[in-house]
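Undergrad: Take this sequence and fold it.
(2 chains)
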Amino acid sequence: MRVLAGTTLIGCFLLHVTLSHAQDTQPVDLSGVWSTNSLDTLENPAWNIEGQFSCRCTTETYEYLRSLLYDPSNDYMSAQEIIETLAAHTLQIIADRLTVTGREVGSAFDLADDPAIQCERFGVFRTILHSDPIEFEVYDDRIIILGEDLTVDRTIYMDGRGHPDGGQKSAAGHSIGWYEGRTLVVETVDVTPNLADDQLAIHNSDRARSIERYTVSSDDERRLEVKFTLYDPVMLRQPLTIERPRVLTPDVELDRSPCEVISGQF
Amino acid sequence: MKVKILISICGALLMTPPASSHHNFAAHYQLEETVEISGVVSEFRFVNPHARVYLDVRNEEGELESWMAEGDASVALRRSGWAADELKAGDRIEIVGHPSRAGSNMLGWKSITLADGTNIGGGDGRLEERLRILEESLARFRQQRGR
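TA: Residues are numbered from 1 along each chain as shown, chains lettered A, B, ... in the order given. Next up, the predicted model:
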């Protein structure tokens, strides 16, 4: 009897370890092209109403969006008013979150000085927050995330390594990833100072790091919840989380046309 | 000059860049103002970060001026069915867009109308199409929410 119980316990333990390991290695397959709610994908059946109204907005703003949508007393608001309200809500949260340095850097920045106008590639944070489609290429030891023309191509190391000690800083930074249940978690460090987002007027210092969480929706596996949290003691008083869901769009091919700087009299 | 001030502020347009903009239109253009020009296309550049139309516009003195209008990113336009030959040299067009911050002959275009009256959009006027879809979804959602 004891032998049977012991064998059963060991069996259960091994099964648990096997299942846990399987989950830790690759519980979801993110392969493919995922798009935000751009005009050409806005009527994709995978979107729910929150997704259709999704924006480059803070977690707090998404909570506000849900209150606007689900409380009938807000039914007087048009789609345009909701969009405007969400944008203002997020900008206010960001303004309140910035340090003095973050505010100074933001107000000194002229949009005309945006490096993208000169076709300079984005840094990693702007790449993450950008609206264009992205493609995941999933391998055993790494994930490649490709974007379109001005974004940086990213390698996420999935082989259990850590970040290098005293690693060299770069626009793409150094990214490692792991799975937590149905979520791919990515940590990025070793970035150079950059414009993190032009629309949100956020800049990052070289002390910034980020955590991205990509979760395949339990409601619909064609929908990907994306949360990006920026930690930057120089620019932010507290971490800032921006969300931007995506849907799987197998019919979309990445367009990596080159960028051309405006020249001449204009 | 065949440039006329049309409308002014629209909050959503202020807050929202072209659908797949690679940088903010406010970098070069006054988003609170809208003007219209008409002229003849000299070149169409189907490129990133934004597609561009170069055109010759006759001013009020009868002199030809060179203008450049900047629209959405070519990646976004291609997904909306545009092609590199969407506009050709010699095409007569009207463009509605935002004037330059610096006072130069540049526009951030909202929409383009061809000589036959067809509006081919292509700029940040795509926001209107986006709003139409969202309004329809919102109405459906509100109707079904209580059930």
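Undergrad: Neighbours of A:Gly166, how many?
TA: 6 (other CB atoms under 10 Å in any protein chain shown). Yep, even glycine has a C-beta here, placed from its N, CA and C like the rest.
Undergrad: what is the mean pLDDT for stretch B:52-66?
TA: In this model, stretch B:52-66 carries a mean pLDDT of 94.
Undergrad: just checking, A:Thr127 is part of a helix?
TA: Yes. Judged by DSSP: H, G, I helix; E, B strand; the rest coil, A:Thr127 forms part of a helix.
Undergrad: was I right about it contacting A:Glu148?
TA: No. Using CB atoms under 8 Å, A:Thr127 is not in contact with A:Glu148, being 9.9 Å away.
Undergrad: how about the helix or strand that contains A:Val105, does it reach chain B?
TA: A:Val105 belongs to helix A:100-108 when elements are defined using DSSP states H and E. No. Helix A:100-108 does not reach chain B (CB under 8 Å from any CB of the partner chain); its nearest approach is 13.4 Å.
Undergrad: Can you name every helix or strand that that helix contacts?
TA: Counting contacts by 3 or more CB pairs under 8 Å, 6 or more residues apart in numbering or on different chains; DSSP states H and E, helix A:100-108 is packed against strand A:202-204.
Undergrad: any residues touching the strand it packs on, and which ones?
TA: A:94, A:102, A:105-106, A:109, A:123, A:125, A:191, A:193-196, A:230, A:232, A:235, A:240 (CB atoms under 8 Å, 6 or more residues apart in numbering or on different chains).
Undergrad: after that strand comes which helix or strand?
TA: strand A:209-216.
Undergrad: Against which helices or strands is that next one packed?
TA: Using 3+ CB pairs under 8 Å, 6+ apart as the contact test, the elements touching strand A:209-216 are helix A:124-129, strand A:183-189, strand A:223-231.
Undergrad: The helix or strand just after the last one - which strands sit beside it in the sheet, and in what orientation?
TA: Per DSSP H and E, strand A:223-231 leads on to strand A:240-243 as the next helix or strand towards the C-terminus. The pairing partners recorded for strand A:240-243 under DSSP bridges are strand A:57-58 (antiparallel), strand A:223-231 (antiparallel).
Undergrad: And the ones you listed: which comes nearest B:Asp72?
TA: strand A:57-58 (21.6 Å; CB to CB).
Undergrad: The closest one: how far from the chain's middle?
TA: 11 Å (CA atoms, centre = their mean, to the nearest Å).
Undergrad: Quick check: residues of the stretch 151-266 of chain A near chain B?
TA: A:Asp198, A:Gln199, A:Val252, A:Asp255, A:Ser257, A:Pro258, A:Cys259, A:Glu260, A:Ile262, A:Gln265, A:Phe266.
Undergrad: redo that, cut-off 7 Å
TA: Contact residues, the stretch 151-266 of chain A versus chain B (CB under 7 Å from any CB of the partner chain): A:Asp198, A:Gln199, A:Asp255, A:Ser257, A:Cys259, A:Glu260, A:Gln265, A:Phe266.
Undergrad: What count of nearby residues applies to the residue lying closest to the last one once chain neighbours are set aside?
TA: Meaning A:Phe266. Spatial nearest neighbour of A:Phe266, excluding adjacent residues (CB to CB, 6 or more residues apart in numbering or on different chains): B:Met68 at 4.4 Å. B:Met68 is flanked by 21 other residues according to other CB under 10 Å.
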